[in-house]
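Enquirer: I need the structure of the sequence given here:
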Amino acid sequence: MPSTILIVDDDPHIRQLLVFAFGKAGLETIEASDGEAALAEVERHAPDLVILDINMPRMDGLEVCRRLRAHNDVPIFFLSSRDDEIDRVLGIELGGDDYVVKPFSPREVVARSMAILRRTSARPPAVEAIGTIRHGRLALDTESWSAHWGAEEVSLTVTEFTILRTLLAMPSRIFSRDQIIDRFRGPGFALTDRTVDSHIRNLRRKFADVGGFDIIETRAGIGYRLGGCSGTAPPA
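Expert: Numbers count the residues shown, from 1 in each chain. You can find the predicted model right below:
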């Protein structure tokens, strides 16, 4: 069966463009013109992917995402009107999967949506460590999905926790963005190389707030690996 895409935007012209583009690609579409209608359509049709505009009246896309993430892990592709919204969309508590900034190419949205659908439908299960994993002052409890820096608990999204768990499982290994993406599986875990960078930024910010300045190292041109996790401050 073809995948079903829910397109949520208060602009009927944008919905029409995307419905046409996805239809040419052989995908089925459902439309919603506001946030409340979007939530109802997700319950009614269980779409495989949600294309979600951020700036809508009454209930914006960020609130729709929060409500969906409370009980649903469907991948979410955001439509944004401003570049400065992106970190907020992809990190903190929201956990978006990808985004484009308006004006956009409908063909690009379709191509990147197809990439998300391929990753979420074809990824095999992975073997996970059970219990608490430690490295320096960092501790991850894989049963309760909680993270601590020393005695301080650090609130992470599911995506952030999974990235950190991937790095912690092999702390000496440098992971490219593609290798990090390949470690994910299931709906709600559809990443792109751009969104990996945004989630890494959010992880660094959250741990820096509790003194974890060396949580993740960047190896230029290669990727990321777990830092020393000693709390060493960056050079002045």
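Enquirer: Worst mean pLDDT across the helices and strands of this protein, which element?
Expert: Within the chain, judged by mean pLDDT, DSSP states H and E, the helix or strand with the poorest mean is helix 86-90; its value is a mean of 56.
Enquirer: The helix or strand that it is followed by: which residues count as buried?
Expert: Counting by DSSP states H and E, the next helix or strand C-terminal to helix 86-90 is strand 98-101. Residues of strand 98-101 classed as buried: 98-100 (neighbour count, 16 or more other CB atoms under 10 Å). In short, each C-beta sits where N, CA and C put it, glycine included.
Enquirer: Name the nearest of those relative to residue 2.
Expert: Nearest to residue 2 out of the buried residues of strand 98-101 is residue 98 (CB to CB; 20.0 Å).
Enquirer: so residue 137 makes contact with residue 151?
Expert: No: checked against CB atoms under 8 Å, the pair residue 137 and residue 151 is beyond contact range at 9.3 Å.
Enquirer: Let me see the contact set for the closest residue to residue 47 other than its chain neighbours.
Expert: Excluding the flanking residues, the one nearest residue 47 by CB to CB, 6 or more residues apart in numbering is residue 6, at 4.0 Å. With contact taken as CB atoms under 8 Å, 6 or more residues apart in numbering, residue 6 is in contact with 29-32, 38, 41-42, 45, 47, 49-51.
Enquirer: Among these, which ones are in strands?
Expert: Within the contacts of residue 6, residues falling in strands by DSSP state E are 29-32, 49-51.
Enquirer: Which one (most neighbours) among those?
Expert: residue 51 (29 neighbours; other CB atoms under 10 Å).
Enquirer: Give me the packing partners of the one helix or strand residue 163 maps to, helices and strands only.
Expert: In the assignment (DSSP H and E), residue 163 maps to helix 158-169. Packing contacts for helix 158-169, counted by 3 or more CB pairs under 8 Å, 6 or more residues apart in numbering; DSSP states H and E, involve strand 132-135, strand 138-141, helix 193-208, strand 223-226.
Enquirer: Ok, which of the ones you listed comes nearest residue 172?
Expert: When the helices and strands packed on helix 158-169 are ranked by proximity to residue 172, the top entry is strand 223-226, at 7.1 Å, counting by CB to CB.
Enquirer: Show me what that closest one is packed against.
Expert: In terms of contacts (3+ CB pairs under 8 Å, 6+ apart), strand 223-226 is packed against helix 158-169, helix 177-182, strand 216-219.
Enquirer: could the ones you listed go into JSON lines alongside distance to residue 104?
Expert: Below are those laid out as JSON lines (distance: least, CB to CB, whole Å):
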{"stretch": "helix 158-169", "distance to residue 104": "23"}
{"stretch": "helix 177-182", "distance to residue 104": "22"}
{"stretch": "strand 216-219", "distance to residue 104": "29"}
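Enquirer: Can you say which of those is packed in most?
Expert: The highest mean neighbour count among the helices and strands packed on strand 223-226, using mean count of other CB atoms under 10 Å, belongs to helix 158-169: a mean of 21.
Enquirer: picking up where we left off before, so can I have TSV of the buried residues of strand 98-101 showing distance to residue 11 and pLDDT?
Expert: Output for these, formatted as TSV (distance: CB to CB, whole Å; pLDDT from 0 to 100):
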residue	distance to residue 11	pLDDT
98	20	79
99	17	82
100	14	85
